[in-house]
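Enquirer: Give me a 3D structure for the following:
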Amino acid sequence: MIRLHRKGLYRLVETKRHTKVLYLDNDIYAWVEPVHIGEILVISHKVHPTDCVLSLGDYCLYDVEDEPALSDLPHLELEVGKDSWQSYLLLTGLPDDHKKRGRIVPTKEYITGNPKFMYRRDVHTNLAASQ
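Expert: Have a look, this model is predicted:
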């Protein structure tokens, strides 16, 4: 089952100190790369001064369970161009006030615009219901 949990607009920026910051609507996450751990998102509650904008567009956050072609994890998909999406697995979901950080892993698995899922009634129904 693929369920659209949330969608909206995102902005990925970089600060003067070379920290990436991801804005998902009104939520703010520092996107950091500690040594030997991989990339993580850390919840933040302040707007960071932007040095440059790296990317912006639409995003979709999906919950995935029991799909043969997909990992059973939350998928965050960021629009990176016209009808082009970059997908990430959120190993423990999006960080929040209780769980301050979570790993984010790029993946080739994608849902948005994928012909495998475009005409499936359950995915389409969930997409329409959340718009």
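Enquirer: what mean pLDDT does stretch 38-45 have?
Expert: Per-residue pLDDT over stretch 38-45 has a mean of 93.
Enquirer: Mind listing residues that contact that stretch?
Expert: 21-22, 27-34, 90, 94-97, 100-105 (C-beta atoms under 8 Å, 6 or more residues apart in numbering). No exception for glycine: its C-beta is placed from N, CA and C like everyone else's.
Enquirer: if I look at residue 88, how far off is residue 60?
Expert: Computed as C-beta to C-beta, to the nearest Å, the residue 88 to residue 60 distance reads 11 Å.
Enquirer: Overlap in contacts, these two.
Expert: Contacts common to residue 88 and residue 60, judged by C-beta under 8 Å, 6+ apart, are 75, 76, 77.
Enquirer: Give me the nearest residue to residue 23, chain neighbours excluded.
Expert: residue 11 (4.4 Å; C-beta to C-beta, 6 or more residues apart in numbering).
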